[in-house]
Each structure stands twice: as C-alpha cells, then as structure tokens.
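In: sequence below, structure please.
(one chain, ligands or ions: 1)
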Amino acid sequence: MSKRYGIVYMGSKEKILDTIDYIFQREYQKKYFIDLFAGGFSVSGFALQRTKFEVISNDINPYVMGLHREILSGGQDLEQVKYDWISREHFEAVRDNPEKFDNWYVGYVLNVWSFGCNQKDYLYAKDLENDKKALHHAIVFNDFTLINGNLIFEGLNIPETITTVDFKKYPNTKRLAFMNCFKSFIKRQEGYTSYEQLRRMEQMENLSQMIHLGVIKRNITHLDRLCLFEMDWKELYNGLDQNGILNDAVIYCDPPYEDTKQYQFGEDFNYEEFWEWFRNSPHAIYVSSYKAPEDIQPINFALKQVNLDNGNRSNERITKKKKAVENIYWNGKGNPSPTFLDQLFNI
Ligand SMILES: C[S@@+](CC[C@H](N)C(=O)[O-])C[C@H]1O[C@@H](n2cnc3c(N)ncnc32)[C@H](O)[C@@H]1O
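Out: Take a look at the predicted model:
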C-alpha cells in the first residue's frame, strides 16, 4: 500500500491501511464510514479513495481539522506561508496563543514544526536551529548568505545543476539532490570536530513533512462524499441520526493511546466510558488499539498474518512482524459480509 492519504501525524495509520481495507471489505454494504478520531486523515482519505462510502471524518483537534480543510479547499493561504522558516520563538508563540492565529495555521505550525509531530515541542534542538535554518534558506530560496557566514559549512559546494532547480516547482527533487550532495560533504568531514554536529543535520524534517502535505491535495478526490467535524467523539455520535445514518454506518475508532500523554487534545480521555459505549452500542464499531479491557477480544490479525506467511522468513522476522500488528477490535454488531480471511479463520 504505497500511496499516502494523510499528513505526517503522530499515531498515523498510514502503515496499516491493509488492515483498514479488511474492514472496508467486511462492511462494503454500508453507506457511511465514520472516522471518529481522524487525526492526520490517512484512514478517512483511504476510505474516500478506496470505497464508495460517504465519509464522516472527525477529530476534536480543531487545528488539525482546520489544516485538512485548508488543504482540501485548495491550500492558497498555506501556499503563502509554507516556504517560510518557522523559528522556535514563533513556534512557541503559536503554541501558547493559538487564538491569535487561524486554526489551519496553528495546525500547520504545530504538526510540521514539532518534534515527532507531538504538537508541543519545537522540531529542532536549540543548538541546531541556526544551522538548519541556513540549509533551509539554501534549499528553498537558493539563498546561501547564512551558509557562507557559518564556519561549520566551510568547504560545502553545491553544483549549479542543483542550485538552479526551482524548489517551489520540484520540491522533492531539489531536496533530495541537495541533501545527497550535503551528505557527501559530511562524509568528507569525518575526523574533524564539526563531524558529529553535521551528522545531526542529515535530515531536513520540516521539508519532508511540508512536501508530504501536498499528498492530501494530490491524492484526495471525491470531496462531495466527505464531511469534516471537529467535535468530541461522543457528542458527534449522539448528534448523528439513528435511522438515517447510524443504522447504515460502520464506525471506525483510533483513540489516543492509553497510558501516554501525547496529544494536544485528549489527555483526559475517558477510556472506561469509551469501552462501555463500544460494548453497548447497537451499531458496528471497529477500534484500532494496542489494548482493551479483558472481556474484549481482538480480531486475530497476527495469527492470520503468520499463518499466511509463506515460510521463507526467519522466525525472528515473523516475531517482529507480529509485534508490529496493532489489534482491531469489533463489537460484534451489524451484519458484515465475511471476507476470504474470515472464512479461512472462521471469524
Ligand atoms: C491515534 S490518533 C488518530 C490517528 C489517525 N487515525 C491517523 O491515521 O492519522 C488519535 C486522535 O484522537 C484525537 N482525540 C483525542 N480525544 C478525542 C475526543 N474526545 N474526541 C475526538 N477525537 C479525539 C486526537 O486529537 C488524535 O488526533
């Protein structure tokens, strides 16, 4: 599943879309797909592109939903700012005073410019910020003023074939070509005192994340089948029409991970209430999670994948794969169509 459907996002399901596809196959007769914790949009986007579902995409974080809205509506405002360098000072001003900025802008700054997309900490360490900024200006604007004034880059020569490429037209080509050349320069510095510092500059995360934003714009169509919301999951669920929507819907949940304080929103997430709702709702609900209360059993994907493995892999690799599989829990409601895997493993 090489195509991407969402932005770079902490906890993104981009890598397990095959598993999500299994849900689509079971529930293809439904009309609505409700993604209650949409985050970086990968599952909602995948549903739009891969199925005929009407997609209801929701997340309590108004900034990230604002960013999706901005991108999906053409991204003109984002285009005006996305090449700018965002300093630590500006990042913190946006993070601490979000009400002073547009929601989509807060979503952009806090996702693209935060460490590990954690929406809280600035992307680059304090001692790297100026060096990264110098690289950013050289790659994006072909402006070498900061590189030339910085001893750590002494001896770095980027050929004209690369500097003349217009970043705005060919962002990925320019970034990759520039960084390859820069990495060769770093290798040549081995043994010098600057070497370790330079090695920490081998990636320009802000540029790869910024380029990845274009994915949604390019890969997502069928917007007439999409509705975006920024509500608490329970409020949205309670507000949806029982006969018109919920009876003909498959509900997908990817809530924040338990035991970790990670998202800007959802730190006080009530897991007990959530699982109680999962048990009692009369509608088909699927949950991606690493854990659940003891009485709730996952659909056993790890078993399916290991049993279907062709046996060429070493045991160690199979174990690694098993560990990487996130569980899917189904509340047993609705009337899904058994897939080939369901029939094979008698689910
Ligand atoms: C694991 S992430 C979802 C990732 C998403 N499936 C993807 O592929 O990018 C969990 C999301 O739950 C959201 N969230 C936390 N509490 C929420 C609530 N009460 N209602 C709705 N969304 C909530 C967070 O903002 C976060 O984006």
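In: could you look up the SS state of residue 227?
Out: State at residue 227, reduced to three classes by DSSP: H, G, I helix; E, B strand; the rest coil: strand.
In: leaving out sequence neighbours, find the closest residue to it.
Out: Nearest non-adjacent residue to residue 227, counting by CB to CB, 6 or more residues apart in numbering: residue 56, 5.1 Å away. Just so you know, the C-beta spots here come from the backbone N, C-alpha and C atoms, and that holds for glycine as well.
In: can you name the residues bridging to the one you found?
Out: Beta-bridge pairing for residue 56 (DSSP bridges): residue 34, residue 227.
In: so for it, what's the pLDDT?
Out: At residue 56, the model reports a pLDDT of 98.
In: show me what contacts it?
Out: 32, 33, 34, 35, 227, 229, 236, 240, 245, 249 (CB atoms under 8 Å, 6 or more residues apart in numbering).
In: wait, what's in contact with the last one?
Out: Neighbour list for residue 249: 30, 31, 32, 33, 34, 56, 240, 283, 284 [criterion: CB under 8 Å, 6+ apart].
In: for the fourth one, same thing?
Out: Taking CB under 8 Å, 6+ apart as the contact definition, residue 35 lies against 43, 44, 47, 55, 56, 57, 58, 252, 254.
In: report the distance from the helix or strand harbouring residue 146 to the chain centre.
Out: Per DSSP states H and E: residue 146 is located in helix 145-148. Distance of helix 145-148 from the chain centroid (CA atoms, centre = their mean, to the nearest Å) equals 33 Å.
In: likewise stretch 274-287?
Out: 25 Å.
In: state the mean pLDDT of it.
Out: 97.
In: let's see that stretch as PDB, backbone CA atoms only.
Out: Provided in PDB are the C-alpha atoms of stretch 274-287 (Å, rounded to 0.1, in the frame of the first residue of the first chain):
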ATOM      1  CA  PHE A 274     -15.400   4.700  25.600                       C
ATOM      2  CA  TRP A 275     -15.200   0.900  26.000                       C
ATOM      3  CA  GLU A 276     -18.600   0.800  27.700                       C
ATOM      4  CA  TRP A 277     -20.100   2.600  24.700                       C
ATOM      5  CA  PHE A 278     -18.300   0.100  22.400                       C
ATOM      6  CA  ARG A 279     -19.900  -2.800  24.300                       C
ATOM      7  CA  ASN A 280     -23.400  -1.400  24.400                       C
ATOM      8  CA  SER A 281     -23.900   0.500  21.100                       C
ATOM      9  CA  PRO A 282     -26.100  -1.400  18.700                       C
ATOM     10  CA  HIS A 283     -24.000  -0.200  15.700                       C
ATOM     11  CA  ALA A 284     -20.900  -1.800  14.100                       C
ATOM     12  CA  ILE A 285     -17.800  -0.400  15.700                       C
ATOM     13  CA  TYR A 286     -14.200  -1.200  15.000                       C
ATOM     14  CA  VAL A 287     -11.300   0.000  17.200                       C
END
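In: no further questions, thank you.
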